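could you work out the structure for the sequence below:
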Amino acid sequence: MVDFCINGGGMVGAALALGLAQQQYKVVVIEPNLPKPFSPSDGPDLRVSAISEASVTLLKALGAWQHIEMFRVKPYTGLSVWDDPKHRTDFTAQSIAIPQLGYFVENRLLQLGCHKALKQYDNVTLISGHTVSDIQLSDTATVTLSSGEVVHASWLVGADGANSQVRKAAGIGSSGWQYSQQAMGITIKMKKAVEPITWQQFTSSGPKAFLPMFGDYASLVWYDSPEELKRIKSLKSDQLIKEILHVFPEELTLGNNSFTIIDKAVFPLTRSHASDYVKGCCALVGDAAHTINPLAGQGVNLGFKDVEAFLSVTSNNASLLNESFVQALRKDFESPRKRDNLVMMTAMDGFYTLFSNDVAPIKWIRNQLLSVAQRIEPAKQEVLKYAIGLR
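Numbering: from 1, shown residues only. Here you go, the predicted model:
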């Protein structure tokens, strides 16, 4: 019998395993598909996340950030948002006296860094190459793998994504929807080194964003209808470049910084929220509990906040099978995280609705908001601190 069985060894699941290992719990992590090892010669991965300073602080405490930094990261010092060039807001790290606003890191490298840190703990068992075939729940959990191996655990944690097996096995419902738009991620190689500034322009067809990556690589995010993105995805590279130059702002090619296409993919956009984060002997973290519009890149950061809240409860080292532990999880993990995640999800939906249309009165309101925000420095600083997890 182990203390915790974590189904899902992605970024959030592996981070939680690290924290529990530090607290001396016996942990099993089930991850069917481990990421390929890192090589400095690797080209950029398509999936990249904006990691907040708050998330970096957690990853440092868990002993993972030192490994992630040794792979490659891209700190960014500026963030700009606009509807048209006359109405924009520019945020800078300098304005709140910090060296950077956060980092852009490939998802695979975040996961690899956590797994590398896990190797030093002999109280963690990683099971890879096998899937979960059955889950039986009572006061404890019994998890059967496709290999026939059986894991008995006091607690089963679902860190297994939006289609969580653990959530379904526990009978936890969820509410949400798929957005009418999708997002295309496009990895590009610039002619010159990429400046450490990310930006997002809002248009009636959806946002267009630029995410700096290591070296001279960058990632573009293009929101649009599924039909339009299907058409764009089918284009040859030279045709796609022409489309990008037509719809993306001039910031992309300032100084004649031309680019080539490296990779591209289309992702659906969904919002979902579990009705419970804790039920019986099961708990949910990350995308298993909530998925959010990726507009502001908050998804994995919310997952790391889940980890931090969960570890604050387990740090007391109470008996895991006592009702007092369950009540502590509900009070100090589930309740605050459900509330905060719902606030962020609602805020992102409101932001998305406000900025992704051409209704004249709404367009006037958002332009005024951006212009006012640019001029009122104290308010802008507070918004920035909240966005990067310092509030």
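
please identify the helix or strand for the most centrally placed residue in the chain.
Here the mean C-alpha position of the chain is nearest to the C-alpha of Val300 (Cα atoms, centre = their mean), at a distance of 2.3 Å. Taking DSSP states H and E as the criterion, Val300 maps to helix 299-314.

residue ranges in the stretch 1-150 of the chain under the pLDDT threshold?
Applying pLDDT under 70 to the stretch 1-150 of the chain flags the ranges 85-87.

quick one: residues contacting Phe259.
Ile188, Lys189, Met190, Lys191, Ala218, Ile241, Leu252, Thr253 (Cβ atoms under 8 Å, 6 or more residues apart in numbering). The way it works is simple: take the backbone N, C-alpha and C, and place the C-beta from them, glycine included.

and the fifth one, its phi and psi?
Note on Ala218: backbone dihedrals following degrees, to the nearest 10 are phi -150, psi 160.

ok, it - how many residues close by?
Per other Cβ atoms under 10 Å, the neighbour tally for Ala218 reads 26.

my read: it touches Val194, true?
Yes - between Ala218 and Val194 a contact is recorded at 5.0 Å, counting by Cβ atoms under 8 Å.

between the two, what contacts are shared?
By Cβ under 8 Å, 6+ apart, the residues touching both Ala218 and Val194 are Pro212.

how close does the nearest residue to Ala15 once chain neighbours are set aside get to Ser219?
Setting aside the residues directly before and after it, Ala15 is nearest to Val307 in space (Cβ to Cβ, 6 or more residues apart in numbering), at 5.0 Å. From Val307 across to Ser219, the span is 25 Å (Cβ to Cβ, to the nearest Å).

more crowded one of these two?
Taking other Cβ under 10 Å, Val307 and Ser219 do not tie; Val307 has more neighbours (28 against 25).

any idea of the pLDDT on that one?
Listed pLDDT for Val307 reads 98.

what of Ile232?
Ile232 is given a pLDDT of 94.

can you report how many residues lie near the residue nearest to it when sequence neighbours are not counted?
Using Cβ to Cβ, 6+ apart and skipping residues adjacent in sequence, the residue nearest Ile232 is Glu243, 5.9 Å away. Counted by other Cβ under 10 Å, the residues lying close to Glu243 total 14.

by contact count, what packs against whichever strand or helix holds Glu243?
Taking DSSP H and E as the criterion, Glu243 maps to helix 237-247. Using 3 or more Cβ pairs under 8 Å, 6 or more residues apart in numbering; DSSP states H and E as the contact test, the elements touching helix 237-247 are strand 217-224, strand 259-274.

could these go into TSV alongside distance to Ala117 and mean pLDDT?
Shown next, in TSV, are the helices and strands packed on helix 237-247 (distance: least, Cβ to Cβ, whole Å; pLDDT from 0 to 100):
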stretch	distance to Ala117	mean pLDDT
strand 217-224	26	94
strand 259-274	28	93
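
which ones are touching Ile186?
With contact taken as Cβ under 8 Å, 6+ apart, Ile186 is in contact with Ser219, Leu220, Val221, Trp222, Leu240, Ile244, Ile261, Asp263, Lys264.

now which of the residues you listed would you call buried?
Ser219, Leu220, Val221, Trp222, Leu240, Ile244, Ile261, Lys264 (16 or more other Cβ atoms under 10 Å).

helix, strand or coil: sort out Ile6 for me.
Assigned by DSSP: H, G, I helix; E, B strand; the rest coil, the conformation of Ile6 is strand.

err, Ser49, not the other one
Secondary structure, three-state DSSP: Ser49 is strand.

around it, how many other residues sit close by?
23.

and Phe38, that's in a strand?
No - using three-state DSSP, the secondary structure at Phe38 is coil, not a strand.

what about the strands in the stretch 51-200 of the chain?
Counting by DSSP state E, counting those that start in this stretch, the stretch 51-200 of the chain has strands at residues 74-76, 78-84, 87-92, 102-106, 124-128, 132-137, 141-145, 150-158, 174-190, 197-201.

can you list the strands that the fifth one pairs with?
Sheet pairing here is set by DSSP bridges, and for strand 124-128 it gives strand 27-31 (parallel).

relative to strand 132-137, how tilted is the partner strand?
Orientation check (axes from the mean of the first three to the mean of the last three Cα atoms, to 10 degrees): strand 27-31 against strand 132-137 gives 140 degrees.

the inter-axis angle of strand 27-31 versus strand 141-145?
Using the same axes, to 10 degrees: strand 27-31 against strand 141-145 is 40 degrees.

helix, strand, or coil at Leu18?
helix.

residues near it, how many?
Using other Cβ under 10 Å: Leu18 sits among 28 other residues.

thinking the residue nearest to Ile232 is in contact with Lys233, fair?
No - contact status for Glu243 versus Lys233: not in contact, 10.6 Å apart, counting by Cβ under 8 Å.

and for the two, which residues touch both?
Both Glu243 and Lys233 lack any common contacting residue under the criterion Cβ under 8 Å, 6+ apart.

may I have the longest helix along the chain as PDB, with CA atoms only?
Ranked by residue count under DSSP state H, the longest helix found in the chain is helix 335-355. Extracted in PDB, the C-alpha atoms of helix 335-355 (Å, rounded to 0.1, in the frame of the first residue of the first chain):
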ATOM      1  CA  SER A 335     -12.400  25.300  -1.700                       C
ATOM      2  CA  PRO A 336      -9.800  28.000  -2.500                       C
ATOM      3  CA  ARG A 337      -8.700  26.400  -5.700                       C
ATOM      4  CA  LYS A 338     -12.200  26.000  -7.100                       C
ATOM      5  CA  ARG A 339     -12.900  29.600  -6.300                       C
ATOM      6  CA  ASP A 340      -9.700  31.000  -7.700                       C
ATOM      7  CA  ASN A 341      -9.800  28.800 -10.900                       C
ATOM      8  CA  LEU A 342     -13.500  29.800 -11.500                       C
ATOM      9  CA  VAL A 343     -12.600  33.500 -11.200                       C
ATOM     10  CA  MET A 344      -9.700  33.100 -13.700                       C
ATOM     11  CA  MET A 345     -11.800  31.100 -16.100                       C
ATOM     12  CA  THR A 346     -14.700  33.600 -16.000                       C
ATOM     13  CA  ALA A 347     -12.200  36.500 -16.400                       C
ATOM     14  CA  MET A 348     -10.600  35.000 -19.400                       C
ATOM     15  CA  ASP A 349     -14.000  34.300 -21.000                       C
ATOM     16  CA  GLY A 350     -15.000  37.900 -20.400                       C
ATOM     17  CA  PHE A 351     -11.800  39.200 -21.800                       C
ATOM     18  CA  TYR A 352     -12.200  36.900 -24.900                       C
ATOM     19  CA  THR A 353     -15.800  38.200 -25.500                       C
ATOM     20  CA  LEU A 354     -14.800  41.800 -25.000                       C
ATOM     21  CA  PHE A 355     -11.900  41.700 -27.400                       C
END
